[in-house]
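Trainee: Task: produce atomic coordinates for the following.
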Amino acid sequence: MLYKYEEDYVEQEADYSIELLKQLATIPAPSYHEEKRAQFCKQWFKERGIETTIDKMNNVVIKMFDDNQDIAVFCGHLDVVFADMEPLKITQKGNYLYGPGVGDDTANVVHLMQVIHYIHLHHLHGKTGVLFVLNTCEEGLGNSNGCRYIVEQYKNRIKSFISFDGYLNQCTNSAVGSKRYRLTVHCQGGHSYADFGKENAIETLSKIMYELSHQQIPTEAKTTYNFGKIEGGTTINAIASTATLLYEYRSSMQNCLDIMEKQFQEIVSHYSNVEIEILGVRPGNGLLNREKFEKFTDHNMRLIKEYYLDDVEKCANGTDSNIPLSYGICANTIGTLMGEKAHTYDEWIDLDSYKIGFKVMMNIILEYFRD
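Mentor: So this is what the prediction gives:
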């Protein structure tokens, strides 16, 4: 549990925290274009005397370790799923805050910023080395490349990893792996009347989608596929010469991923005019010390439940924790708010849960700074 003066900090900062959230959430941040948010956060830390760096992936990094120390990593991702480059619209109605990306993951990032500020204010020193990261490229085709860059730098020194993302009622303790493709069908095309009968790229792509949607889905673990985006053709009276599909499949079990890959390759092999490009591979779980990992997860669950009194579910998700888990590093993804409609423009969070989540994050991180 937090000490009273630690809870007092949460109470004192609660209103400001919501205003900071509103401010940060308006800043557009598509994956690979998080520069404005990164600079905003760097300036915010600078004004409070906290030394930060921005690395080549635009991750905002705060290092609290010596060269020979093992490291605990805490991160939250700056990017949102939307491609908007203009300011995002954030509105408050009563105790609810609405806007794209407001919960995923901006609210968690704001909590992390304020916990870092608290540690700096009180000159706390970690029991181990600590690395804080406001990372980029978690969403979509970002492929967790911001987190991947961090983990690949320090993988031999990272002993624990916590990503703050999602909701209070979930603790991610298993990686949902995925593979993502761009399929492009090429054909000659032509005039819709004069050349009727020639192959149409859109029609061919539709046949591929039909076959993919009728494949046998493995049942050993939850396994999914998705047609995320289709494009093709030029106009209504022309036979389409190209058509493109973004396709992914996911599973929490590697064997299921292997089955999906085999079926995918069999289906597309029937078409000679399909260009296949791999867009991203998110790894699944690596070889973990199960006893150590279960102890790590159960301890984090207890810390969450000290302030969040409803049920908390251990679950599998595709998050930044995929990367450390693939290296066998103990990693959880934990949320610090409640809300709904993530990945939509109508996303909302419950501000009544926001202070609870603030305390949860304080409770988890300060464990690494107490004797």
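
Trainee: contacts and neighbour counts: CA atoms only from here.
Mentor: Will do.

Trainee: per the record, what domains does this protein have?
Mentor: Listed domain ranges for the chain are 4-176+284-366, 179-281 (source: automatic domain parsing).

Trainee: First-to-last residue distance for the last one?
Mentor: If I follow you right, that is domain 179-281. From its first residue to its last, domain 179-281 covers 5 Å (C-alpha to C-alpha, to the nearest Å).

Trainee: same thing with stretch 143-160?
Mentor: Start-to-end, stretch 143-160 (C-alpha to C-alpha) is 21 Å.

Trainee: neighbouring contacts of it?
Mentor: By C-alpha atoms under 8 Å, 6 or more residues apart in numbering, the residues outside stretch 143-160 that reach it are 57-59, 69-73, 135-138, 280-282, 319-320, 323-324, 327, 329-331.

Trainee: ok, now with 7 Å
Mentor: Defining contact as C-alpha atoms under 7 Å, 6 or more residues apart in numbering, one finds that stretch 143-160 is touched by 57, 59, 70-73, 135-138, 280, 282, 320, 323-324, 329-331.

Trainee: what bits of the stretch 51-200 of the chain have low per-residue confidence?
Mentor: Applying pLDDT under 70 to the stretch 51-200 of the chain flags no residue at all.

Trainee: which residues in it form helices?
Mentor: According to DSSP state H, counting those that start in this stretch, the stretch 51-200 of the chain carries its helices in the segments 108-121, 145-154.

Trainee: Those: which one's closest to T91?
Mentor: helix 108-121 (16.9 Å; C-alpha to C-alpha).

Trainee: and the longest helix seen in the chain, what does it pack onto?
Mentor: As assigned by DSSP state H, the longest helix anywhere in the chain is helix 4-25. On a contact count with 3 or more C-alpha pairs under 7 Å, 6 or more residues apart in numbering; DSSP states H and E, helix 4-25 meets helix 351-366.

Trainee: Tell me, how many residues neighbour A14?
Mentor: Applying other C-alpha atoms under 10 Å, we find 17 residues neighbouring A14.

Trainee: Quick check: closest non-adjacent residue to it.
Mentor: K355 (6.4 Å; C-alpha to C-alpha, 6 or more residues apart in numbering).

Trainee: With K305 instead?
Mentor: Nearest one to K305, counting by C-alpha to C-alpha, 6+ apart, is V312 at 7.5 Å.

Trainee: Over to I90?
Mentor: Distances taken as C-alpha to C-alpha, 6+ apart place G99 nearest to I90, at 4.6 Å, with adjacent residues excluded.

Trainee: give me phi/psi at that neighbour?
Mentor: When read as degrees, to the nearest 10, the backbone of G99 gives phi 150, psi 150.

Trainee: Pull the contacting residues for it.
Mentor: G99 makes contact with 89-91, 345-348, according to C-alpha under 7 Å, 6+ apart.

Trainee: Tell me the most packed of the residues you listed, by neighbour count.
Mentor: Most surrounded of those: other C-alpha under 10 Å gives W348, at 24 neighbours.

Trainee: what's the closest non-adjacent residue to that residue?
Mentor: With C-alpha to C-alpha, 6+ apart, the residue lying closest to W348 is Y98, at 4.3 Å.

Trainee: what about the one you found, neighbour count?
Mentor: Quick note: Y98 (other C-alpha under 10 Å) scores 22 neighbours.

Trainee: Also E266?
Mentor: Counted with other C-alpha under 10 Å, the neighbours of E266 add up to 11.

Trainee: how distant is the longest helix of the chain from the center of its chain?
Mentor: Counting by C-alpha atoms, centre = their mean, to the nearest Å, helix 4-25 is centred 23 Å from the centre of its parent chain.

Trainee: And the closest residue in space to M338 that isn't next to it in sequence, its phi and psi?
Mentor: Distance criterion C-alpha to C-alpha, 6+ apart; nearest residue to M338, sequence neighbours excluded, is Y167 at 5.2 Å. Phi and psi for Y167, reported as degrees, to the nearest 10, are phi -110, psi 160.
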